[in-house]
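>>> From the sequence below, what's the structure:
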Amino acid sequence: MALASWLSRENTIAPATYNRWRVPPAALAVHLCIGQVYAFSVFNLPLSQVIGIDHSASNDWSLTDIGWIFSLAAVFLGIAAAFGGRWLETVGPRKAMAVSAVCFGGGLVIASIGVSLHQLWLVYLGYGVISGIGLGIGYISPVSTLIKWFPDRPGLATGLAIMGFGGGAMLGAPLSVALMDYFATPESVGVAPTFLVMGVLYFLLMIYAAYLVKVPPIDWHPKNFVAKKSFSPSKGVDMHDAMFTPQFWLLWIVLCFSVTAGVGVLGQASLMIQEIFGSTVTVAAAAGFVGLLSLFNMAGRFLWASASDYLGRKVTFTIFLFLGAVLYALVPGIGLSGNLFLFIAAYALIISMYGGSFATIPAYLRDVFGVKHVGAIHGRLLTAWSVAGVLGPVLINYLREYQLCIGVPPVEAYSLTFYIMAGLLVIGFIALIFVKPVQQE
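Got it, this is the predicted structure:
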């Protein structure tokens, strides 16, 4: 009974004197934890050598099969966000964060059991499905809360939280590697105990963040705040009504194609730069490239979202889509020219805009549909992430495989994919042009 009372929305309503700047650290903590999913690639090789230890044995899992773990997590992130948004608005962020902690941490524990028993379906269930559900609920709950606390700076607010999701790999990758090294033995690659420890650790951190979070009183707004849009801070379009507007689906296309163009590259960044530049880029340098992209992914979420408060959401997305399409069209030529610096600079900017898309879209939804149901609407829109999480890796992996099979040299194997990504961003840009304000009625 005491637990139910603690988790209730009524017990999270802040007093009038509450300092709203105490909420962003809690939101950031949750996103730093669930952002570990971006570091999953560090487990790919060890998971393919669970039996062979220092090599892939005949009965080890293939990298292709392992790759579906991340894709499943992306799919269930979108599904959980889509169906959990309305529930979140009803029960409040504390209960949602607690459920996210149980699912994300518990999923890692189940994945640990799956690795120990060498049952891939258990890893799919644990990390892909259950942790994926935790990802979706954990992703939207801090965002919805911060938008309500910062109606005067919604871009800054969402950037503060979602920055953590982009930066989760910066903490998750070295932590995962350090734990695997610690637990590794001549008979084990150390993945199973690593999943177990990380599951418990992330659960505790996320529960503490849930303890800290508060929601503002109804109709609360900061001093001297004047709403710029037609919606008041407490009014807005209902989630179901929003689903029947062209604005929702146009923004769905914008987010889906913005994300598709970046997520595939993130999953193959290390291999891609080594194949394009050959011996010029060592394995260690490629790892540094991945770390740099993670840094720009994180920084872009905060900087671009904050800038959108001044530039406007539509202008910001115009930059993402138009400039992104130009850069993707130029990247093949840059790779063939052998200019490593320009290649890295182009991709750093591309990935910063990829992160910026995630962080700016909740504020754009708030501008278009109002603040009251923004968490639920944002959850439904994140199904675009689910589609992109499968489409991006499939495009870059299978097109690369096809190009290599027909004799295209590795340095040119990604060119067709880059041009397709540029085309997707052009389609997103066309959709953005037609996004108009929603009529009040």
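>>> Could you pull up the residues touching Val259?
Tyr354, Ser357, Phe358, Ala384, Trp385, Ala388, Gly389, Gly392 (Cβ atoms under 8 Å, 6 or more residues apart in numbering). Every residue, glycine included, has its C-beta placed from N, CA and C.
>>> going on from the lengthiest helix in the chain, what's the next piece of helix or strand?
In the chain, taking DSSP state H as the definition, the longest helix is helix 246-277. Next along the chain after helix 246-277, taking DSSP states H and E as the criterion, comes helix 283-311.
>>> Pull out the buried residues from that following helix.
286, 289-290, 293-309, 311 (16 or more other Cβ atoms under 10 Å).
>>> sorry, back to before: out of the contacts of Val259, who has the most neighbours?
With neighbours set by other Cβ atoms under 10 Å, the maximum within the contacts of Val259 is found at Ser357, which has 30 neighbours.
>>> my guess is that one meets Ile319, correct?
No: judged on Cβ atoms under 8 Å, Ser357 makes no contact with Ile319 at a distance of 10.5 Å.
>>> Okay, buried residues for stretch 400-408 please.
Buried, per 16+ other Cβ under 10 Å, within stretch 400-408: Arg400, Gln403.
>>> what sits against the most centrally placed residue in the chain?
The chain has Phe165 as the residue nearest its centroid, 5.8 Å off, counting by Cα atoms, centre = their mean. The contact partners of Phe165, by Cβ under 8 Å, 6+ apart, come to His31, Leu32, Ile34, Gly35, Tyr38, Tyr139, Arg301, Phe358.
>>> what do you get if the cut-off is 6 Å, keeping everything else the same?
By Cβ atoms under 6 Å, 6 or more residues apart in numbering, the contact list for Phe165 reads His31, Gly35.
>>> C-terminal to the helix or strand harbouring it, what's the next element?
Element membership of Phe165 [criterion: DSSP H and E] is helix 154-183. Once helix 154-183 ends, the next helix or strand along the chain (criterion: DSSP H and E) is helix 191-212.
>>> quick one: contacts of the helix or strand that that next one is followed by?
The element immediately downstream of helix 191-212 (helix or strand, assigned by DSSP H and E) is helix 239-242. Residues outside helix 239-242 that contact it (Cβ under 6 Å, 6+ apart) are Arg86, Phe248, Phe369, His373, Ala376, Ile377.
>>> Arg366 versus the nearest residue to the third one once chain neighbours are set aside, what's the distance?
In this case it means Phe369. Computed as Cβ to Cβ, 6 or more residues apart in numbering, the closest residue to Phe369 that is not its neighbour in sequence is Val237, at 4.2 Å. Distance check for Val237 against Arg366: by Cβ to Cβ, to the nearest Å, it reads 11 Å.
>>> again, but for Phe195
36 Å.
>>> cool, and Ser279?
For Ser279, the distance to Arg366 equals 49 Å [Cβ to Cβ].
>>> which of these two has more neighbours?
Here Ser279 and Arg366 are set side by side on neighbour count (other Cβ under 10 Å), and the busier one is Arg366, at 30 against 6.
>>> need the contact list for Phe104.
Ile34, Ser131, Gly134, Tyr202.
>>> typo on my end, it should be Gly52
Counted by Cβ under 6 Å, 6+ apart, Gly52 has contacts Asp60.
>>> go again using 10 Å as the cut-off
Ser58, Asn59, Asp60, Val189 (Cβ atoms under 10 Å, 6 or more residues apart in numbering).
>>> Mind checking what secondary structure the third one has?
It stands for Asp60. Three-state assignment for Asp60 (DSSP: H, G, I helix; E, B strand; the rest coil): coil.
>>> and which of the contacts of helix 239-242 is nearest Tyr398?
Phe248 (30.2 Å; Cβ to Cβ).
>>> So what does the residue lying closest to Ser48 once chain neighbours are set aside have for phi and psi?
Once flanking residues are discounted, Ser48 sits nearest to Ser56: 5.0 Å by Cβ to Cβ, 6+ apart. Phi and psi for Ser56, reported as degrees, to the nearest 10, are phi -90, psi 110.
>>> Could you check how far Ser56 is from Leu47?
Distance from Ser56 to Leu47, by Cβ to Cβ: 10 Å.
>>> next one: Leu250
With Cβ to Cβ as the criterion, Leu250 and Leu47 are 39 Å apart.
>>> What of Tyr182?
In terms of Cβ to Cβ, Tyr182 sits 17 Å off from Leu47.
>>> One more: Ser337?
In terms of Cβ to Cβ, Ser337 sits 36 Å off from Leu47.
>>> same check, this time on Ile351
Distance from Ile351 to Leu47, by Cβ to Cβ: 25 Å.
>>> Right, I'll call it a day here.
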